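> starting from these lines, generate the structure:
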Amino acid sequence: MRGVALLGVMCLLVGCASRSCSKDHAGGGGEPDGLVLPEPERPPMPRRGMVWIGPGSFVAGTPVDVLPRIADEEMPGVQVVLNGYYIDQYPHPNESGAIQTTNVTVEEAELRCGSVGKRLCTELEWERACKGPDSTTYEYGSVYNAQHCLMGKAGGLSPSGTSVGCRSGYDVGDMHGGAFEWTSSKWNRGAASDFVVVRGGSSEPGDVFGRCANARARRADRQYGDVGFRCCAGDRNEAEVFLEVDRPGDVLKTLSKNSELVEVLEGSLPDDLVRVLPEGKGGVFRVERVHRWYPIGNEQMVLGSGCAHPGGHALCGVIVARQRGETTIPLVFVPSGWWLPSVQQHDDRRMVWVYGGDGQGKYRRKVAYMWGRIGVGEPERGSQMMRRR
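Numbers count the residues shown, from 1 in each chain. As a prediction, the model looks like this:
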C-alpha cells in the first residue's frame, strides 16, 4: 500500500504526461479526472500449513540501548531486507496437536524438509517470522510474559498449538516454549567455526531466551533431545548474521586515572548512590581508582572505585558504567562500606569481586554481568569467603 501511495504522489508531481495518470480533456487544459493506480502485489498461491511472509524489512538483533541483550551474539538492531518466503506454521511435523520432532542432525532435518519440496529456514528468516510486522522483542509483543509460550516449563514437549498466546504477528506458532530449532545458518560470530545456529527453545531466564533475537550454537553432526526444526519454502534469502567479536585477553585492566573519565563518572552518579549521599561538601563522591572490565565480547565496562566523607565513617564503593564508544553510561553503585574498595577478577570473566569492610571487618561482594544488566550480591564474610576461594 505504501508503494501504491508513493506512485500516486509521483504522478501528481510530474503531471499527466501519460494516460495512466488521467484522461485527456477537450482543449487540453483541464484538470485530471482521477488517478489510475496499479494493482497491489498479490501474494503467491497458499501452501497448506505454511505462512507467506511478503518481501520487506525488519529490525534484526537487539538495539544497543535495549536490555537484555547479548552483545557478541546479536546484531545491534539494524534494518535487514528480505525477499518473500513461506514458513511452516508449527515445528515439524507441522501439525496442530503433534509433538515436535527432535533428535535429528541438521543434515537429517534438511533432508526431511527437502522430501516435501521445502528447505530449512535461515536464522534471519526465522527471526523475522518471530518478530512479526512490527519487529517486536517477543513473538507476542515487547513485554515479556512467561505464560504466553510457557517458558522454562518442566517436563516433556507440549503438543503444537496448545499455547494459544505463543503466536507471532504473522500467525506463526510455538517458536518458543518447546525445542530449539535448526536453521541453515552457520554460527558467524567471531572466528569461523563448524557450529550451526539454532533459534527459539525454552530455558531460563525466560526473558532472555524467549526473545526472537536470541540464538544458540550447536554441533551440526549431533542429535539433541531439545533441538527440532521447522521448514521454509521459496528462494533462500542470502542475508546472514556476520559479527566481528572483540574479546580482549585481559578481562580486568587497571587504568591510569584519566581526569576526563573520572569527571564523567563523578558527574553522572547512579540514582542508588545519589539517594544515600548527604548534601554538602562531605557528600561529594571522589573516584580514586579506575578499571576496565570486558565481561563478554563487544562489551566494555568501567569500574570507578572511590569514597565520599560525609562525617564519621566514609561511604565507599564502585560505580559500574558501560563504555560505548566515547560515551560512558553509569549503571549501578556497589557499596564497599567504610573502605576504599579493591576489585579482583573472578574465575568467570562475567563476574568480579569487590572487597570492602566496615565495623564488623572485611567482606566482599560478587558483581555479575547478566545479559547487559548488572547484578550485585550480598556481602560475604569470614568462612563464606574461605569456602569460595
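
> what count of nearby residues applies to Arg370?
Slight slip there: residue 370 is Met, not Arg. 14 (other C-beta atoms under 10 Å). The way it works is simple: take the backbone N, C-alpha and C, and place the C-beta from them, glycine included.

> for it, give me phi and psi.
For Met370, the backbone dihedrals (degrees, to the nearest 10) come out as phi -130, psi 90.

> tell me the contacts of it?
Contact partners of Met370, counting by C-beta atoms under 8 Å, 6 or more residues apart in numbering, are Pro68, Arg350.

> what bridges to it?
On the basis of DSSP bridges, Met370 is bridged to Arg373.

> can you pull out the strands in the stretch 51-200 of the chain?
Assigned by DSSP state E, counting those that start in this stretch, the stretch 51-200 of the chain shows strands spanning 56-61, 76-82, 85-88, 119-120, 180-186, 195-200.

> make CSV from those strands and add distance to Pro133 and mean neighbour count to it.
Output for the strands of the stretch 51-200 of the chain, formatted as CSV (distance: least, C-beta to C-beta, whole Å; neighbours: other C-beta atoms under 10 Å):
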stretch, distance to Pro133, mean neighbour count
strand 56-61, 8, 19
strand 76-82, 13, 14
strand 85-88, 14, 24
strand 119-120, 23, 22
strand 180-186, 21, 24
strand 195-200, 19, 25
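
> any idea how the chain splits into domains?
50-233, 252-387 (automatic domain parsing).

> circling back to that earlier point, compare the strands of the stretch 51-200 of the chain and give me the one nearest Tyr224.
strand 180-186 (7.6 Å; C-beta to C-beta).

> by how many degrees do the closest one and strand 195-200 diverge?
When axes from the mean of the first three to the mean of the last three C-alpha atoms, to 10 degrees is applied, the directions of strand 180-186 and strand 195-200 differ by 140 degrees.

> what mean pLDDT does strand 180-186 get?
Across strand 180-186, pLDDT averages out at 98.

> flag every buried residue along stretch 120-138.
Across stretch 120-138, burial judged by 16 or more other C-beta atoms under 10 Å covers 120-132, 135-138.

> touching, Glu240 and Thr183? I think so.
No: counting by C-beta atoms under 8 Å, Glu240 does not reach Thr183; the two are 10.0 Å apart.

> sketch out the low-pLDDT regions of the protein for me.
1-41, 153-155, 280-281, 383-389 (pLDDT under 70).

> which residues of it fall in helices?
2-14, 106-114, 123-131, 146-149, 206-209, 259-267, 271-274, 382-387 (DSSP state H).

> now do the third one: everything it contacts.
Taking contacts as C-beta under 8 Å, 6+ apart, the residues outside helix 123-131 that touch it are 51, 53, 58-60, 80, 82, 85, 87, 121, 137, 139, 168-170, 172, 175-176, 181, 183, 185, 197, 199-200, 212-213, 215, 232, 237, 239-241.

> try it again at 6 Å.
Under the criterion C-beta atoms under 6 Å, 6 or more residues apart in numbering, residues 53, 58, 80, 82, 85, 87, 139, 168, 170, 172, 175, 183, 185, 197, 199, 212, 232, 237, 239 lie in contact with helix 123-131.

> give me the distance between that helix and the centre of its chain.
13 Å (C-alpha atoms, centre = their mean, to the nearest Å).

> now the angle between strand 180-186 and it, please.
Using the same axes, to 10 degrees: helix 123-131 against strand 180-186 is 140 degrees.

> list the contacts of the closest residue to Phe285 other than its chain neighbours.
Leaving aside its chain neighbours, Phe285 sits nearest to Ala308 (4.4 Å; criterion: C-beta to C-beta, 6 or more residues apart in numbering). Neighbour list for Ala308: Leu277, Gly283, Phe285, Leu315 [criterion: C-beta under 6 Å, 6+ apart].

> distance of the nearest residue to the last one once chain neighbours are set aside from Ala98?
Counting by C-beta to C-beta, 6+ apart, the nearest residue to Leu315 once its immediate chain neighbours are dropped is Ala308, at 4.7 Å. Taking C-beta to C-beta, to the nearest Å as the measure, Ala308 falls 62 Å from Ala98.

> Gly375 now?
40 Å.

> of those two, who's got more company?
For Gly375 versus Ala98, neighbours defined as other C-beta under 10 Å are more numerous around Ala98 (15 against 11).

> hmm, Ser160 and the more buried one touching each other?
Yes: the criterion here is C-beta atoms under 6 Å, and Ala98 meets it with Ser160 at 5.4 Å.

> residues near Cys149, how many?
Using other C-beta under 10 Å, Cys149 has 26 other residues around it.

> I meant to write Glu263 there.
Glu263: 12 neighbours (other C-beta under 10 Å).

> distance of it from Arg211?
36 Å.

> just Gly249 next, same as before
30 Å.

> same deal with Glu244?
Going from Glu244 to Arg211 by C-beta to C-beta gives 22 Å.

> which other residues reach stretch 107-114?
Here stretch 107-114 has contacts from Arg119, Leu120, Trp182, Phe229, Cys231, using C-beta under 6 Å, 6+ apart.

> quick revisit: the more surrounded of Gly249 and Arg211?
Arg211 (26 against 6).
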